[in-house]
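# Give me a model of this one.
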Amino acid sequence: MNRRKSIVVVGGSAAGPKAAAKARRIDGSAGIVILQKTPELSMATCGYPYYIGGCFNDRNMLLSTPTGVTRDPKFYVNVKDIDARIHTEVTSVDRANHTVSYRNLVTGEQGAIPYDKLIIATGSIAQKPPIAGIDLEGITSLHAIGEADYLRKIRDEGKVKRAVVAGGGLIGMETSEALHMSGIETTVVELLPQILTFLDWELAKIVESHVRSKGVSVFTENGIVEFLGDKGKLAAAKLQSGLELPCELAVVAVGVKPNVHLARDAGLKIGATGGIEVNEYMQTSDPDIYAAGDCVETVNLITKRKELAPYGDLANLQGRVAGENAASENRATFPGTIQTGICKVFDFSAGSTGLSESAAKSSGYNIIAAVNAGADKPSYMDGALLITKLVVEKTSGRILGAQCVGPGNVGKQVAQWAVAIQAGLDLGRIVNADLPYAPPFSQAIDHFITTAHVMQNKMKGRMKGISSVEVKEKTNRGETPFILDVRGPDEYEAMRLGIGEKLIPLGTLRKRLDELPQDKGKEIICYCKISLRAYEAALTLGANGWRNVKVMEGGVAAWPYSREK
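Below you'll find the model as predicted:
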């Protein structure tokens with residue numbers, strides 16, 4: 001009779017339980033053990049901000065299956081025949097003898113478990129910057145479920161009136177919304193020049209303006225240098241500028257780092273990024289040990305460089321591969337990442353996939369970027385704005401990255417671009433893509449395809465685009481291009497940029513060409529609400545002899561600066 005294979009999984013958040021469940025599906029007879037340090041298993045960590053903000057009130061929903069069954073040790077043993085042990089810390093791995101040593105944090109029991117295959121899924125650790133006063137009462141991160149419980153308790157008690165969030169990344173912005181929705185006056189402090197650094201600056205600035213419009217204050221290029229206390233409790237956060245922000249709560253959300261101490265102590269190879277080095281099978285430098293989730297490094301499929309990618313969906317995908325290979329042979333593979341992500345920020349979503357313009361340039365690519373603004377659905381179906389920035393390799397037309405922000409269906413757009421990038425599609429394959437269309441779901445030509453059309457027109461020289469950033473830089477330098485607003489008078493009166501623009505509505509342009517510079521080589525920059533009419537205006541001017549006509553991409557909708565009105 002064959003001996004049961006022993007599979008031990010260290011870590012019970014995302015990658016670990018997924019690996020154990022997949023291993024069970026592959027090998028129905030293996031002995032499978034999960035060792036988890038905390039009392040909870042398979043936590044939906046990405047749901048913490050929404051629990052804090054009151055989107056739902058049942059904490060067990062963070063720990064439940066889609067059908068509402070709580071994933072606790074009884075669930076794992078009864079449903080999956082997996083021995084899931086909570087309150088159990090793994091203290092060491094003996095690779096020579098194929099055992100892991102553990103200690104029960106409640107009973108003090110110690111022991112060792114033999115393994116044939118080991119899966120390390122120890123996740124990540126919240127970064128704790130060396131800020132004076134960071135240990136004061138009232139300061140927390142949002143990484144563990146206990147910290148979510150703490151912030152939810154603050155919401156429910158309603159005693160905290162002011163909070164500061166250190167960090168304007170995904171977790172920082174989601175947390176700022178949760179605190180604001182809890183009735184807490186909230187300020188975000190970001191050391192870098194922008195929030196949400198997976199976006200290029202101009203799109204991040206649009207999101208920042210939306211956040212401000214909802215009542216959350218945002219400071220960029222201004223880090224926290226000290227937390228000030230009163231009798232051991234947080235009283236204020238002091239910024240680099242010297243400004244002191246009174247607050248009773250601070251959430252430090254400045255990123256995470258891989259939790260690799262167990263792997264390092266076991267002598268496994270740690271990559272230059274700080275994550276555990278694994279191959280495409282999620283196998284470490286020890287062939288009997290696999291690793292998955294936030295603790296590992298992975299390959300960027302575009303640049304081919306090793307990176308960290310601490311995302312919940314990737315942790316599950318990697319865990320699935322590790323579990324299958326640990327239970328059988330190395331056949332399943334995880335190829336890598338293109339760093340696809342999305343977050344909700346009040347009524348906006350912000351998502352990206354692949355390389356931003358700044359990242360592509362820093363990686364040495366010869367690129368062209370284009371911005372397209374438009375509605376996700378027809379206006380008669382309550383279409384909402386989308387602003388997409390597409391980055392393409394200039395010579396090949398290969399899609400390198402896309403970003404999308406706005407109140408429209410951002411997730412759909414980012415998902416489409418992510419599949420296009422991973423499929424290796426170039427621009428020519430996308431301009432005629434056959435996508436589902438009906439008015440409740442999209443425009444007749446989906447925003448995704450329209451963005452490709454904008455880029456194609458730009459690459460073929462049919463449209464000379466100019467970004468809002470370039471336009472602002474020109475005006476700041478004192479340059480005087482002729483700036484043409486082709487919107488209607490009502491639109492102009494409701495909102496205008498105030499950069500010296502001339503209003504000539506598109507419908508009257510052909511009759512008013514004498515109001516334009518008669519020097520046909522003069523630089524003319526056209527725009528409208530989303531610059532669709534501006535493109536028509538540019539073609540009209542080109543047909544009438546003007547040779548230096550540009551379209552401000554995205555129009556007023558994508559203008560990231562303050563407006564005159």
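
# drop to CA atoms for contacts and neighbour counts, all remaining ones
Will do.

# My reading is that residue 153 lies in a helix. Confirm?
Yes - assessed with DSSP: H, G, I helix; E, B strand; the rest coil, residue 153 lies in a helix.

# neighbours around it, how many?
Neighbour count for residue 153, taken as other CA atoms under 10 Å: 13.

# State the distance from it to residue 394.
In this view, residue 153 and residue 394 are 52 Å apart by CA to CA, to the nearest Å.

# same thing with residue 59?
For residue 59, the distance to residue 394 equals 49 Å [CA to CA].

# and if you look at residue 363?
14 Å.

# Of these two, give the one with the bigger neighbour count.
The residue with more neighbours, out of residue 363 and residue 394, is residue 394; 14 against 11, by other CA under 10 Å.

# Next up, the contacts around the nearest residue to the more buried one once chain neighbours are set aside.
Spatial nearest neighbour of residue 394, excluding adjacent residues (CA to CA, 6 or more residues apart in numbering): residue 367 at 4.8 Å. In this structure, residue 367 makes contact with 357, 360-361, 391-394, judged by CA atoms under 8 Å, 6 or more residues apart in numbering.

# out of these, which is most surrounded?
residue 392 (27 neighbours).

# which element is that one on?
strand 385-393 (DSSP states H and E).

# so how far is that strand from its chain's centroid?
15 Å (CA atoms, centre = their mean, to the nearest Å).

# name the helices or strands packed onto that strand?
If you count contacts as 3 or more CA pairs under 8 Å, 6 or more residues apart in numbering; DSSP states H and E, strand 385-393 packs onto strand 367-375, strand 399-406, helix 447-459.

# Restricting to C-alpha, output the second one in CSV.
Right, the one you point to is strand 399-406. The C-alpha coordinates for strand 399-406 follow below in CSV (Å, rounded to 0.1, in the frame of the first residue of the first chain):
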residue,chain,number,x,y,z
ILE,A,399,0.4,47.5,-26.6
LEU,A,400,2.6,48.2,-23.6
GLY,A,401,0.1,49.6,-21.1
ALA,A,402,-3.2,51.3,-20.5
GLN,A,403,-4.7,53.4,-17.7
CYS,A,404,-8.3,54.4,-17.2
VAL,A,405,-10.0,56.6,-14.6
GLY,A,406,-13.5,58.0,-14.2
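
# Would you mark the buried spots in the helix or strand just after that strand?
The first helix or strand that comes after strand 399-406 along the chain, using DSSP H and E, is helix 410-422. Buried residues in helix 410-422, defined by neighbour count with 16 or more other CA atoms under 10 Å: 410-411, 413-415, 417-418, 420-421.

# between those residues, which is closest to residue 147?
Each of the buried residues of helix 410-422 was checked against residue 147 using CA to CA; the closest is residue 411, at 27.9 Å.

# list the contacts for residue 528?
485-487, 534, 555-556.

# Repeat the analysis, applying 10 Å as the threshold.
Contact analysis of residue 528 by CA atoms under 10 Å, 6 or more residues apart in numbering lists 484-488, 491-492, 503, 505-506, 534-535, 537, 551-557.

# Look up how far residue 426 lies from it.
Taking CA to CA as the measure, residue 528 and residue 426 are separated by 29 Å.

# and if you look at residue 542?
From residue 542 to residue 426 the distance is 29 Å (CA to CA).

# So the two - more neighbours on which side?
residue 426 (18 against 15).

# Identify the residue nearest the more buried one in space, chain neighbours excluded?
residue 398 (4.3 Å).

# contacting residues for the one you found?
Contacts of residue 398 by CA under 10 Å, 6+ apart are 367, 391-392, 420-421, 424-429.

# For stretch 4-12, measure first residue to last.
Note: stretch 4-12 ends 22 Å apart using CA to CA.

# Other residues contacting the helix-or-strand element of the chain with minimal mean pLDDT?
Least confident helix or strand, the chain: helix 427-430 with a mean of 94, by mean pLDDT, DSSP states H and E. With contacts defined as CA under 10 Å, 6+ apart, helix 427-430 is touched by 392-393, 396-399, 417, 420, 448-453, 455-456.

# ok, these vs residue 472, which is closest?
Distances from residue 472 to these, taken by CA to CA, are shortest for residue 455, at 21.6 Å.

# distance of that closest one from residue 129?
42 Å.

# The nearest residue to residue 94 once chain neighbours are set aside sits in which helix or strand?
The shortest distance from residue 94 to any non-neighbouring residue, by CA to CA, 6+ apart, is to residue 100 (6.1 Å). Secondary structure from DSSP H and E places residue 100 in strand 99-104.

# mind listing the strands for the stretch 101-250 of the chain?
Using DSSP state E, counting those that start in this stretch, the strands of the stretch 101-250 of the chain run over 110-114, 117-120, 124-126, 139-140, 162-166, 185-190, 217-220, 224-230, 233-239, 244-246, 249-252.

# a markdown table for the ones you listed, including mean pLDDT and distance to residue 565?
Converted to a markdown table, the strands of the stretch 101-250 of the chain look like this (pLDDT from 0 to 100; distance: least, CA to CA, whole Å):
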| stretch | mean pLDDT | distance to residue 565 |
| --- | --- | --- |
| strand 110-114 | 97 | 69 |
| strand 117-120 | 98 | 56 |
| strand 124-126 | 97 | 42 |
| strand 139-140 | 98 | 40 |
| strand 162-166 | 98 | 30 |
| strand 185-190 | 98 | 26 |
| strand 217-220 | 98 | 21 |
| strand 224-230 | 96 | 33 |
| strand 233-239 | 98 | 31 |
| strand 244-246 | 98 | 30 |
| strand 249-252 | 98 | 35 |
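
# As CSV, those strands with mean neighbour count and distance to residue 345 would be great.
Output for the strands of the stretch 101-250 of the chain, formatted as CSV (neighbours: other CA atoms under 10 Å; distance: least, CA to CA, whole Å):
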stretch, mean neighbour count, distance to residue 345
strand 110-114, 15, 45
strand 117-120, 26, 33
strand 124-126, 17, 21
strand 139-140, 20, 21
strand 162-166, 25, 14
strand 185-190, 23, 13
strand 217-220, 18, 13
strand 224-230, 19, 23
strand 233-239, 21, 23
strand 244-246, 17, 23
strand 249-252, 25, 17
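
# closest to residue 439 out of those strands?
strand 217-220 (37.0 Å).

# which other residues reach the closest one?
With CA under 10 Å, 6+ apart, strand 217-220 has contacts from 164-168, 176, 185-195, 208-209, 211-212, 239.

# what do you get if the cut-off is 6 Å, keeping everything else the same?
187-191, 193-194 (CA atoms under 6 Å, 6 or more residues apart in numbering).
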